[in-house]
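[1] Next input, structure requested:
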Amino acid sequence: MRIVTAKEFQDWLSHGEVLEKDSHGAKVIRLADGNLLKIFRSRRLPLLARLHPDAARFEDRAKRLQDTGIQTPIICETCWIDRSNLVSACLYKPLAGQPLDRLFCNSRKQFDVLLPQLAAYIYRLHQRGIYFRSLHLGNILRTPDGDFGLIDFLDIRFKNRPLGRMLIRRNFQHLHNYLQRRKVDNFPWEELLAAYKAASKASN
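    A predicted model of the protein is given here:
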């Protein structure tokens, strides 16, 4: 991975639009050409973070998801922003689509119509051995082709077989906790679980 110069990074900040940031600084920047720069500040052990930076792990997961037919952003480059402080970055083409949290807020009727398809999509992930701990409405996009896609999937895990009941329950619990933290009181939770069960029966 190449090391980005301080000038190049400052140019990105000066001419781009910061979409996400935290107390450490920018996390996602939309560059002038429309591509996105996602910045990772690793909290892993320094040796592991240097051998396999978070940006490279993100790229690996994107490729593996794509290999299983799951849509993700297309990675253009991985690089170091500050190697001594374990800050790496991915430059990628954004995945076209609308986040489901925005769809839920802006068009509840349309979201409810999509609920069975969303449940079937989550079931598809589980059947392919994909355990997405950060599975929530902000990380799933409704894509223009009528399917769904995933973003922000650094913590995703891949199993060699479909997920068992315990991991499925845990995955849904993460989603439920997300909804509680966001104080989404009117989410059709029971309907989602019923649709997931229906998707499971339909595949057998």
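[2] only C-alpha atoms for contact and neighbour calcs from this point on.
    OK.
[3] can I see the domain layout of the chain?
    If you go by automatic domain parsing, the domain ranges for the chain are 2-93, 98-203.
[4] Please name the nearest non-neighbouring residue to Ser42.
    Nearest non-adjacent residue to Ser42, counting by CA to CA, 6 or more residues apart in numbering: Leu86, 5.8 Å away.
[5] Can I take it that Cys76 is in a strand?
    Yes - under DSSP: H, G, I helix; E, B strand; the rest coil, Cys76 falls within a strand.
[6] biggest helix in this protein by residues?
    When the chain is parsed with DSSP state H, its longest helix is helix 108-127.
[7] So which elements touch that one?
    helix 100-106, helix 189-203 (3 or more CA pairs under 8 Å, 6 or more residues apart in numbering; DSSP states H and E).
[8] Dump the domains of the chain into JSON lines; add mean neighbour count and mean pLDDT as well.
    Listed next are the domains of the chain as JSON lines, based on neighbours: other CA atoms under 10 Å; pLDDT from 0 to 100:
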{"stretch": "domain 2-93", "mean neighbour count": "17", "mean pLDDT": "94"}
{"stretch": "domain 98-203", "mean neighbour count": "16", "mean pLDDT": "94"}
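[9] Can you measure across stretch 139-146, start residue to end residue?
    End-to-end distance of stretch 139-146: 16 Å, with CA to CA, to the nearest Å as the criterion.
[10] what's it in contact with?
    By CA atoms under 8 Å, 6 or more residues apart in numbering, the residues outside stretch 139-146 that reach it are Leu95, Ala96, Gly97, Gln98, Pro99, Leu100, Phe148, Gly149, Leu150, Ile151, Asp152, Phe153.
[11] Now do it: distance to the chain's middle.
    Stretch 139-146 sits 12 Å away from the centroid of its parent chain (CA atoms, centre = their mean, to the nearest Å).
[12] How about stretch 196-204?
    25 Å.
[13] returning to that earlier point: now the contacts of stretch 139-146 in a markdown table, with distance to Pro73 and secondary structure?
    Converted to a markdown table, these look like this (distance: CA to CA, whole Å; DSSP: H, G, I helix; E, B strand; the rest coil):
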| residue | distance to Pro73 | secondary structure |
| --- | --- | --- |
| Leu95 | 5 | coil |
| Ala96 | 8 | coil |
| Gly97 | 11 | coil |
| Gln98 | 13 | strand |
| Pro99 | 13 | strand |
| Leu100 | 16 | helix |
| Phe148 | 12 | strand |
| Gly149 | 9 | strand |
| Leu150 | 8 | strand |
| Ile151 | 7 | coil |
| Asp152 | 9 | coil |
| Phe153 | 10 | coil |
